[in-house]
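Trainee: Predicted coordinates and the sequence they were generated for:
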Amino acid sequence: MQNAKTLAPSSQPIPMSFILMAAVVVHLPLLLMKLPLKSYDTNLHILFASHYVHHWFNPWNTKWFAGFSQATYPPLPQQWVALLSWVLGLDLAYMAVQFAAILLLALGVYRFSRLWVNPRAASFAALASVFLGSESFLVYNAGQLGTTSAAPIYLNALPFLYEWVRRGRWQSFVKGVVLFMAAAAAHHATLLFGSFFFALPVLALVWLDREDGQRISMPAFLTRTLSFAVVSGAAIAIVLLPFWIALLRYPVTQLPIPHASRANYILSPQYGINYFVVPYGALILALPFIFLRGSAVTRLRPLLFGFWFAFLIGLGGTTPVGHILLGRAFDVLTMERFSYWATLLALPFAGLLVRELIDRFRSGAVVGLTVAAALSCALAVGWTTFHPADAEEFNVDQAAAWLNRDGHDQYRYVTLGFGNKISRLAVMTDAGSVDGEWYSGRMLPELTANGAAALTNSKYNGEAGLYALRAILMHADHYGLKWVFVHDPFYDPLLSFAGWRPVDYLNNRTVIVWSKDGVPPALPLNAPQIPPHWQGLMWGIFPLGSSLLAILVLLIPENKPYESRADEPQVAEEQLAHRRLVS
């Protein structure tokens, strides 16, 4: 009897303290090593944060595109970076905010999974989020702070949405609305697209679930759903009012910029590895289980549908689903965020699979799953080395020092061959540039009319990139563009032919500074996109205020935990599917 008790499957969930400690062990050393600084967009977010350090109530940034509005990007995570930078410096402040998002993700995955599965499976799902390939890919390779900050907040908000619609609890209503508001202040694409992949399955679950054998009445379901949508929508509209004004008055009309995540992964397997194999990792092996279990259990089907649509869109141009569902937005968005949302929706299924494998195979399953999780995380983290954001690492300190001395910052500059180091350079200098990496904020016609990305990578953007570069050099006098920093000899003939001449050499003559005579000092643009003062006040108060309000509201104790529903025995369909798996 004692041996039988020892071999019996455990029903206890993994403590949340252990899960959070695992996140500390895995991610804190990597963040302290500042590994995200090698990613694509990390320095872009640090640039946004550096602007808030000096101009909290003025979202007009003159560092790029001769001026652009940061109200075109929700500011919450960057504002937290700016606040923490007073103590930690910008780099470590960014790592601290990213680390907080990783911890929130583990908690959010557990809370979200509890809507669908029992506590033990939910704890396995939360632990899996620590090693999730898509999370590590976005943190250490893509550098998408907004996406990795907003998704955990939504996951933590969804149980309150369920409690409000299912049981009409006002505390859950208030907490859900405030968390939705804070999540919207963190990232716009997650609000406009990702939130539906998570919220709609939860609402479907409310309709499917029964208490005392009764479903929720249709009037109550519609009234509570509409009230939540109206109140949260109004709150989000107020918090992000400058963003909506900029989006409606000055919509993104520039030609689409090609992106590898929209490619056909079958015809371009190198992109398939980057945007499918690396983010999904070992979850690829769980795909058959996800479809079989999700289709067999009625209350898991909404979650399966949410995962399925996000999964298909995340495949980019491999299927026509993205084009059909997103329309023109398909040519604006990048698809790796959809794969990220799909993996988050897959985690409750993964938690079920892990629970059943461990219950059946015990220590053998633990070893195999641990190896699979570690390899998934290691591949995504190490992908920065195998597939770096820039082909060559070099330091921009000398270029920044050159711009900051002898009045050189009275003129604008552009870089060629700097890759995404242009964000780092912009943080370190007071000079403005006509180039940049936040393409939705640019408005210069030479850039928006050619469908090319950053000028610094012009040669990689084909004819569109070179046309944009020639156009901006031709109008150098108009923009006060006097300096061109070249780290690639490919551009030397073009500059020489256009009348530019070398004036200095930096970084052991690997960077040449080119200049054009007769260019007047740069003048501020009188652009209609400049936000008025009242919008700057709103931008500096409401987004950050929404996060502070969320922290205070979450301190209100719950009368009854939302987990109570999932403590009930699983429905017969799930028991039947479980017997099929282990038989």
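Mentor: That came through, no problem. Numbers count the residues shown, from 1 in each chain.
Trainee: Least confident secondary structure element in this structure?
Mentor: None of the helices or strands of the chain scores lower by mean pLDDT, DSSP states H and E than helix 2-7, at a mean of 39.
Trainee: Pull the distance from the helix ranked longest in the chain to the chain's centre.
Mentor: When the chain is parsed with DSSP state H, its longest helix is helix 336-361. Centroid displacement of helix 336-361 relative to its chain, using CA atoms, centre = their mean, to the nearest Å, is 20 Å.
Trainee: before we move on, what about stretch 120-140?
Mentor: Centre-to-centre, stretch 120-140 and its host chain are 15 Å apart (CA atoms, centre = their mean).
Trainee: distance between the ends of it?
Mentor: 29 Å (CA to CA, to the nearest Å).
Trainee: what pLDDT, on average, does it get?
Mentor: In this model, stretch 120-140 has an average pLDDT of 97.
Trainee: what does stretch 84-96 give?
Mentor: Rounded mean pLDDT across stretch 84-96 is 97.
Trainee: And stretch 400-419, by the same measure?
Mentor: Mean pLDDT, stretch 400-419: 94.
Trainee: What residues of it count as buried?
Mentor: Residues of stretch 400-419 classed as buried by neighbour count (16 or more other CB atoms under 10 Å): 400, 402-403, 408-409, 411-419. Just so you know, the C-beta spots here come from the backbone N, C-alpha and C atoms, and that holds for glycine as well.
Trainee: for these, which one is nearest residue 443?
Mentor: Nearest to residue 443 among these, counting by CB to CB, is residue 412 at 14.9 Å.
Trainee: from what I can see that closest one touches residue 478, true?
Mentor: No: Residue 412 is beyond contact range of residue 478, at 10.4 Å (criterion: CB atoms under 8 Å).
Trainee: So which residues of the stretch 451-583 of the chain form helices?
Mentor: For the stretch 451-583 of the chain, the helices defined by DSSP state H, counting those that start in this stretch occupy 462-474, 476-479, 492-497, 533-553, 572-582.
Trainee: Tell me which of these lies nearest to residue 96.
Mentor: helix 533-553 (14.3 Å).
Trainee: mind saving the C-alpha coords of that closest one as CSV?
Mentor: What follows is helix 533-553, C-alpha atoms only, in CSV (Å, rounded to 0.1, in the frame of the first residue of the first chain):
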residue,chain,number,x,y,z
HIS,A,533,0.0,71.0,-25.5
TRP,A,534,-3.2,69.5,-24.1
GLN,A,535,-2.5,66.2,-25.9
GLY,A,536,1.0,66.2,-24.4
LEU,A,537,-0.5,66.5,-20.9
MET,A,538,-2.9,63.6,-21.5
TRP,A,539,-0.1,61.5,-22.9
GLY,A,540,2.1,62.1,-19.9
ILE,A,541,-0.7,61.5,-17.3
PHE,A,542,-3.3,58.9,-18.5
PRO,A,543,-1.3,56.0,-19.8
LEU,A,544,1.0,55.8,-16.8
GLY,A,545,-1.9,56.6,-14.5
SER,A,546,-3.8,53.6,-15.9
SER,A,547,-1.0,51.3,-14.7
LEU,A,548,-0.9,52.8,-11.3
LEU,A,549,-4.7,52.6,-11.0
ALA,A,550,-4.5,48.9,-12.1
ILE,A,551,-2.0,48.2,-9.3
LEU,A,552,-4.2,49.9,-6.7
VAL,A,553,-7.4,48.2,-7.9
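Trainee: As JSON lines, the helices of the stretch 451-583 of the chain with mean pLDDT would be great.
Mentor: Shown next, in JSON lines, are the helices of the stretch 451-583 of the chain (pLDDT from 0 to 100):
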{"stretch": "helix 462-474", "mean pLDDT": "91"}
{"stretch": "helix 476-479", "mean pLDDT": "93"}
{"stretch": "helix 492-497", "mean pLDDT": "92"}
{"stretch": "helix 533-553", "mean pLDDT": "96"}
{"stretch": "helix 572-582", "mean pLDDT": "41"}
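Trainee: possible to save these as a markdown table with distance to residue 366?
Mentor: As requested, these are exported to a markdown table (distance: least, CB to CB, whole Å):
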| stretch | distance to residue 366 |
| --- | --- |
| helix 462-474 | 51 |
| helix 476-479 | 61 |
| helix 492-497 | 59 |
| helix 533-553 | 36 |
| helix 572-582 | 17 |
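Trainee: and residue 273, which of these is closest to it?
Mentor: Closest among the helices of the stretch 451-583 of the chain, using CB to CB: helix 462-474, at 23.3 Å.
Trainee: Can you list the helices and strands that the closest one packs against?
Mentor: Counting contacts by 3 or more CB pairs under 8 Å, 6 or more residues apart in numbering; DSSP states H and E, helix 462-474 packs against helix 445-448, strand 481-486, helix 492-497.
Trainee: chain center to it, what's the gap?
Mentor: Taking the mean of its C-alpha atoms, helix 462-474 sits 30 Å from the chain's own mean (CA atoms, centre = their mean).
Trainee: Now do stretch 170-188: distance to the chain's middle.
Mentor: On CA atoms, centre = their mean, the centre of stretch 170-188 falls 18 Å from that of its chain.
Trainee: and that stretch, which residues are buried?
Mentor: For stretch 170-188, a neighbour-count test (16+ other CB under 10 Å) marks 171-188 as buried.
Trainee: Name all residues that make contact with residue 312.
Mentor: Taking CB atoms under 8 Å, 6 or more residues apart in numbering, we find residue 312 in contact with 319, 321, 322.
Trainee: quick check: mean pLDDT across stretch 241-259?
Mentor: For stretch 241-259, mean pLDDT is 88.
Trainee: Could you do stretch 38-46 as well?
Mentor: Averaging pLDDT along stretch 38-46 yields 94.
Trainee: now swap in stretch 317-334 and tell me
Mentor: What stretch 317-334 shows for mean pLDDT is 92.
Trainee: Can you measure across that stretch, start residue to end residue?
Mentor: End-to-end for stretch 317-334, by CA to CA: 11 Å.
Trainee: Buried residues, that stretch. List them.
Mentor: Buried positions in stretch 317-334, judged by neighbour count with 16+ other CB under 10 Å: 317, 318, 319, 321, 322, 323, 326, 330, 331, 332, 333, 334.
Trainee: now these as JSON lines including secondary structure and distance to residue 244?
Mentor: Shown next, in JSON lines, are the buried residues of stretch 317-334 (DSSP: H, G, I helix; E, B strand; the rest coil; distance: CB to CB, whole Å):
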{"residue": "317", "secondary structure": "coil", "distance to residue 244": "30"}
{"residue": "318", "secondary structure": "coil", "distance to residue 244": "33"}
{"residue": "319", "secondary structure": "coil", "distance to residue 244": "32"}
{"residue": "321", "secondary structure": "helix", "distance to residue 244": "28"}
{"residue": "322", "secondary structure": "helix", "distance to residue 244": "25"}
{"residue": "323", "secondary structure": "helix", "distance to residue 244": "26"}
{"residue": "326", "secondary structure": "helix", "distance to residue 244": "20"}
{"residue": "330", "secondary structure": "helix", "distance to residue 244": "22"}
{"residue": "331", "secondary structure": "helix", "distance to residue 244": "22"}
{"residue": "332", "secondary structure": "coil", "distance to residue 244": "17"}
{"residue": "333", "secondary structure": "coil", "distance to residue 244": "18"}
{"residue": "334", "secondary structure": "coil", "distance to residue 244": "22"}
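Trainee: And residue 252, how close does it get to residue 400?
Mentor: Separation of residue 252 from residue 400 (CB to CB, to the nearest Å) stands at 30 Å.
Trainee: what's the answer for residue 376, then?
Mentor: In terms of CB to CB, residue 376 sits 38 Å off from residue 400.
Trainee: For burial, what's the neighbour tally of residue 295?
Mentor: Residues near residue 295, counting by other CB atoms under 10 Å, number 12.
Trainee: buried set for the host helix or strand of it?
Mentor: Secondary structure assignment for residue 295, by DSSP states H and E: helix 283-296. For helix 283-296, burial by neighbour count (16+ other CB under 10 Å) applies to 283, 286, 289, 290, 293, 294, 296.
Trainee: Could you export the residues you listed as a markdown table, including distance to residue 511 and pLDDT?
Mentor: Formatted as a markdown table, those follow (distance: CB to CB, whole Å; pLDDT from 0 to 100):
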| residue | distance to residue 511 | pLDDT |
| --- | --- | --- |
| 283 | 43 | 96 |
| 286 | 48 | 96 |
| 289 | 53 | 97 |
| 290 | 50 | 97 |
| 293 | 56 | 96 |
| 294 | 54 | 96 |
| 296 | 61 | 95 |
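Trainee: I'm done for today, thanks for sticking with me.
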